[in-house]
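> quick one: sequence and predicted model below, then my questions.
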Amino acid sequence: MKKAFVTKAQVEEIVKSFPTPFHLYDEKGIRENAEAVKKAFSWNKGFREYFAVKANPNPVLMGILREYGCGTDCSSKTELMLSAAMGLSGEEIMFSSNDTPFEEYTYANELGAIINLDDITHIDFCEKACGGKLPETMSCRFNPGGVFQMSNGIMDNPGDAKYGMTRDQLADAFRIMQEKGVKHFGIHAFLASNTVTNEYYPKLARQLFELAVELKKETGADIRFINLSGGVGIAYRPDQTANDIVAIGEGVHKAYDEVLGKAGMGDVAIYTEMGRFMMGPYGALVTKAIHEKHTYKEYIGVDACAVDLMRPAIYGAYHHITVLGKEDQPEDHTYDVTGSLCENNDKFAIDRKLPKIDMGDYLVIHDTGAHGYSMGYNYNGKLKSAEVLLQKDGSAKLIRRAETPQDYFATLDVTDIYGRLK
Ligand SMILES: Cc1ncc(COP(=O)(O)O)c(C=O)c1O
């Protein structure tokens, strides 16, 4: 059974200061997990987790992860700016972007971030953006093509993904970049998303380690790090077994010793860019039941909508729901739990078995800590919710206020109309 990290009594207290809907984050859980990740890879001297900012760009949460040695993985200029504003610089920042605008490379280079090139054609482009000289340390993104398979079947389809370079391009890129003065290299790959198995990282790592040994032989490049990127999943569904980061770390360690260690490359650092695993389970969308509707189905309308959490609407993703205070009641009602968008896919759950829901009940929508708030948009003029941190001592702290109509109108340059709208 999936248990919410917050109780009805706690939510009743929090809503006195911050009305629903809001994303709530569990500081204790974030810290314990970050510590476990650090420990699982402590066998590797250069290990660093670069938290994928796209998963949750809240500086308070990023700041907590930083206490555990995490850097940031950025995909855009604004994510880079956020990292810089938090005092991160140089190799604490990874810039893993694609289809990258010129000025974003320029800015990443100014910060001294590690630039991870998505394509061989970006070499010249990036060189120009960096003022005619590539940085000394750079990374290239690999895409092996085909499908990525593990013992339980096909996990994902890299051959169909827009990211990364082919094997031959990677070798060529290393040669060209060395001629252009790049001294140290990294290899990056993201081959499967939300993998709920301890096998993914070890299998990917072995593949990248073997590639690193080959590329070193072929090109003479000094390979400093392997970036396993994101893709380590979480148990969204109650019947799934959560990944065990200790087993994952051990699996990568074994592959490291067997491949890199044997090849005399035992000083290569392991980097990760996890977003979902670092934050997903430690966030929840807290919302209130405000309508019930009985037509061809039973509907519960809540005060959150897809603007706060898009994953169910765009991927049909499952997010578990707990009706606070009714954890022990039988799940003998079948509901569609809906938001208020004029979009029929704005449903947090479809045909979900839940206890009887009464108006005013608080619902916790689980696992929204990654790719939750950050994916939101403003369709229908809906405003994005607040973010609240449930601190270690049990108190609640606002870490991002809810949007106001002024935020929604802020990009309009019609000052007099805006004045009237106020
Ligand atoms: C380049 C890159 N790194 C890291 C991540 C984080 O992935 P996850 O949240 O699955 O760990 C993503 C996700 O889209 C990504 O595109």
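Received the coordinates, thanks. Residues are numbered from 1 along each chain as shown.
> please work out the residue of the stretch 151-300 of the chain nearest to the ligand and name it.
residue 230 (2.1 Å; Cβ to the nearest ligand atom). In this view, the C-beta of every residue, glycine as well, is placed from N, C-alpha and C.
> any chance of the backbone angles for that residue?
The phi/psi pair for residue 230 (degrees, to the nearest 10) reads phi -100, psi -150.
> let me see the contact set for it.
Counting by Cβ atoms under 8 Å, 6 or more residues apart in numbering, residue 230 touches 52, 55, 73, 190, 193, 272, 273, 274, 275, 276, 277.
> rerun at 7 Å
52, 190, 273, 274, 275, 276 (Cβ atoms under 7 Å, 6 or more residues apart in numbering).
> for the ligand, what are the nearby residues on the stretch 101-250 of the chain?
Residues of the stretch 101-250 of the chain lying close to the ligand (Cβ under 6 Å from any ligand atom) are 190, 193, 229, 230, 231, 232.
> output those as CSV; include the columns pLDDT, distance to residue 364 and secondary structure.
What follows is these, written out as CSV (pLDDT from 0 to 100; distance: Cβ to Cβ, whole Å; DSSP: H, G, I helix; E, B strand; the rest coil):
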residue, pLDDT, distance to residue 364, secondary structure
190, 96, 30, coil
193, 93, 24, coil
229, 98, 30, coil
230, 98, 25, coil
231, 97, 26, coil
232, 98, 23, strand
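> quick check: the farthest pair among the contacts of residue 230?
Greatest spatial distance in the contacts of residue 230: 190 and 276, 11.9 Å, computed using Cβ to Cβ.
> show me the shaky parts of the stretch 301-422 of the chain.
Along the stretch 301-422 of the chain, the model assigns pLDDT under 70 to residues 414-422.
> for the ligand, what are the nearby residues on it?
Residues of the stretch 301-422 of the chain lying close to the ligand (Cβ under 6 Å from any ligand atom) are residue 370.
> for the stretch 301-422 of the chain, what spans make up the strands?
321-323, 333-338, 347-354, 362-365, 386-390, 396-400 (DSSP state E, counting those that start in this stretch).
> of those strands, flag the one that's most buried.
Among the strands of the stretch 301-422 of the chain, ranked by average contacts under mean count of other Cβ atoms under 10 Å, first place goes to strand 362-365 (a mean of 26).
> direction included, what does that strand pair up with?
strand 283-294 (antiparallel), strand 321-323 (antiparallel) (DSSP bridges).
> got the CA positions of that strand in PDB?
Extracted C-alpha coordinates of strand 362-365, given in PDB (Å, rounded to 0.1, in the frame of the first residue of the first chain):
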ATOM      1  CA  TYR A 362      -8.500  16.500   0.900                       C
ATOM      2  CA  LEU A 363      -6.900  14.300  -1.800                       C
ATOM      3  CA  VAL A 364      -3.200  13.600  -2.000                       C
ATOM      4  CA  ILE A 365      -2.000  12.900  -5.500                       C
END
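> which residues touch the helix ranked longest in the chain?
When the chain is parsed with DSSP state H, its longest helix is helix 200-219. Helix 200-219 is touched from outside by 142, 150, 155, 170-171, 174-175, 178, 187, 189, 191-192, 221, 223, 226, 228, 231-232, 248, 251-252, 254-256, 259-260, 263, 265, 268, with contacts defined as Cβ under 7 Å, 6+ apart.
> which of the contacts of residue 230 fall within helices?
Short answer: the contacts of residue 230 in helices (DSSP H) are residue 276.
> nearest to residue 292, of the contacts of residue 230?
Ranked by distance to residue 292 (Cβ to Cβ), the contacts of residue 230 are led by residue 276 at 32.7 Å.
> in the stretch 51-200 of the chain, what spans have low per-residue confidence?
In the stretch 51-200 of the chain (pLDDT under 70), no residue qualifies.
> what segments of it are strands?
71-74, 93-96, 114-117, 137-141, 148-150, 153-156, 184-188.
> for the first one, which strands pair with it and how are they oriented?
Each strand paired with strand 71-74, and its direction, by DSSP bridges: strand 48-52 (parallel), strand 93-96 (parallel).
> give me the distance between residue 109 and residue 103.
For residue 109, the distance to residue 103 (Cβ to Cβ, to the nearest Å) stands at 11 Å.
> ok, those two, which is more surrounded?
residue 109 (19 against 10; other Cβ atoms under 10 Å).
> which residues touch residue 243?
Residue 243 neighbours (Cβ under 7 Å, 6+ apart): 196, 198, 232, 233, 277.
> how about the last one: what's its closest non-neighbour residue?
Think residue 277. Spatial nearest neighbour of residue 277, excluding adjacent residues (Cβ to Cβ, 6 or more residues apart in numbering): residue 232 at 4.2 Å.
> which residues touch that neighbour?
Residues near residue 232 by Cβ under 7 Å, 6+ apart: 195, 200, 201, 243, 248, 274, 276, 277.
> burial count for the second one?
Residue crowding around residue 200 was assessed by other Cβ under 10 Å; the count is 25.
> how close does it get to residue 233?
Using Cβ to Cβ, we find residue 200 at a distance of 8 Å from residue 233.
> and the two most separated of the contacts of residue 243?
Spanning the widest gap among the contacts of residue 243 are 198 and 277, at 11.7 Å by Cβ to Cβ.
> neighbour count for these two, which is higher?
Using other Cβ under 10 Å, the more surrounded residue of residue 198 and residue 277 is residue 277, with 26 against 19.
> isn't that one right up against residue 235?
No: the pair residue 277 / residue 235 is not scored as a contact, 10.8 Å apart, by Cβ atoms under 7 Å.
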